[in-house]
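*Asks:* sequence first, predicted model second:
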Amino acid sequence: MSLSTSIPTGTPPFRVLIVRTGAMGDVLHAMPAVAAMRLLHPEWTIGWAIEPRWRALLEGRSGGHEVRPLVNLIHEVPTRDWNRRPLSPETLREILALRRELSSEKYNLCVDMQGLFRSAVVGRLASADSYAGSAQPRETPARWLYGKTIETQAPHVIDRGCELLGRAIGETLRAAEVPLPVDEDAERWCEAALATLVPDKQFVVLAPTAGWGSKCWPAERYGALAGALHDAGYAVLINAASENDPAAAAVARASEGHALPVACTLPQLMALLRRSAMLIAGDTGPLHLAAALGRPVIGLYGPTDPRRTGPYGPNGHVLRHPSSQTDHRRHSEPEAGLNRITVDEVRQAALAVLEDKAA
């Protein structure tokens, strides 16, 4: 069944639950639609069901208080923990507690913006008056749980999210600027870290990892790129998942000391990217985070189609070899076309953007 008419708003404030639990890029892709809805209806109550590790995309701290610029309520959905212990009594207790929490909010509308079977189940737990999802979800069984299904046609996932949420509320939504939160502790950490690492110097961030090995440009090329950017007068930092991140360490070795790994939390990464001259990465969360923050980015694409998941906005730039083939199978080795992108091509593209911004 397709939804083509407005959902009655009922007694104000209308209450909407968004389900998009993760990963980082997926959450960021849903946020411009929700930001557009917030601009149209600032009086509405908006809740978001999300994995705990991505909570910082919705909530920061200022003056000792939590700040949520986009949503009113956050519901943590620890699906990673549940996957590790699917049959344990603890998992069952947490699911039942989440159901009580969601249903107590009496949402008028729930929209599953993830399209997975597990996200569809989470949405059902809310017992909202109306429940909408995509007519073409990422996992077909998800649509069996929706009360109403919505056709979307836009090529990019952000615009598709606007279609989905807009038709669910009976409005036309166009992607809006995302108000990402600021965390005062992370800001202080960043100022101190940069004063030590790159005092008084513009810096570029490299994010060498991605969810699949086939989306990762080789570490030795990131290292050579770091040397080229250093020679052009830029400091280079590497986004590291931890102090012992092997991918970041490999890039640092290949750079011959011209790139420094920086392990940081998600709020700290946001603070770092706000101050960066550019981020260079594959199709991965930090790329979409930097784009959402309005920073210049160079996306190195191979098995994923930038028309669908490319960095959004005027500061997004993509390199993709003509031989690349779209393939969502999670291979461990870099995709053949991605391997054909040369260090010099990325260097030239990066410096052209950096020089244009400096002009």
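*Replies:* Arrived safely.

*Asks:* what about the helices in the stretch 251-359 of the chain?
*Replies:* For the stretch 251-359 of the chain, the helices defined by DSSP state H, counting those that start in this stretch cover 266-274, 285-292, 306-309, 336-339, 343-358.

*Asks:* quick check: which of those is buried the most?
*Replies:* Per residue and on average, the most neighbours among these fall to helix 285-292, with a mean of 27 (mean count of other CB atoms under 10 Å). Glycine gets a C-beta too; all of them are placed from N, C-alpha and C.

*Asks:* okay, the angle between that helix and helix 266-274?
*Replies:* 50 degrees (axes from the mean of the first three to the mean of the last three CA atoms, to 10 degrees).

*Asks:* other residues contacting helix 285-292?
*Replies:* The list of residues contacting helix 285-292 from outside it, by CB atoms under 8 Å, 6 or more residues apart in numbering, reads 23-25, 28-29, 31, 178, 180, 205, 207, 239, 269-270, 273, 276, 279, 281, 297, 299, 311-313, 315-316.

*Asks:* from these, keep the buried residues only.
*Replies:* 24-25, 28-29, 31, 178, 180, 205, 207, 239, 269-270, 273, 276, 279, 281, 297, 299, 311-313, 315-316 (16 or more other CB atoms under 10 Å).

*Asks:* would you mind measuring from residue 110 to residue 137?
*Replies:* Note on residue 110: its distance to residue 137, by CB to CB, to the nearest Å, is 14 Å.

*Asks:* one more: residue 331?
*Replies:* 24 Å.

*Asks:* hang on, the earlier thing: mind putting the helices of the stretch 251-359 of the chain in JSON lines, mean pLDDT and distance to residue 37 included?
*Replies:* JSON lines is the format used below for the helices of the stretch 251-359 of the chain (pLDDT from 0 to 100; distance: least, CB to CB, whole Å):
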{"stretch": "helix 266-274", "mean pLDDT": "98", "distance to residue 37": "22"}
{"stretch": "helix 285-292", "mean pLDDT": "98", "distance to residue 37": "16"}
{"stretch": "helix 306-309", "mean pLDDT": "97", "distance to residue 37": "22"}
{"stretch": "helix 336-339", "mean pLDDT": "96", "distance to residue 37": "36"}
{"stretch": "helix 343-358", "mean pLDDT": "94", "distance to residue 37": "31"}
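
*Asks:* with residue 131 as the reference, name the closest of those.
*Replies:* helix 306-309 (25.5 Å; CB to CB).

*Asks:* neighbour-wise, which of residue 110 and residue 137 wins?
*Replies:* residue 110 (29 against 21; other CB atoms under 10 Å).

*Asks:* next, residue 49: secondary structure please.
*Replies:* strand (DSSP: H, G, I helix; E, B strand; the rest coil).

*Asks:* identify the bridge partners of it.
*Replies:* residue 19, residue 75 (DSSP bridges).

*Asks:* need the contact list for it.
*Replies:* Contacts of residue 49 by CB under 8 Å, 6+ apart are 17, 18, 19, 20, 21, 75, 77, 102, 119, 122, 123, 126.

*Asks:* between those residues, which is nearest residue 219?
*Replies:* The closest of these, once distances to residue 219 are taken by CB to CB, is residue 21, at 30.1 Å.

*Asks:* shouldn't that closest one be within a strand?
*Replies:* No - counting by three-state DSSP, one finds residue 21 to be coil, located in no strand.

*Asks:* burial of it, as a residue count?
*Replies:* The tally of other residues near residue 21 (other CB under 10 Å) stands at 25.

*Asks:* that'll do, ta.
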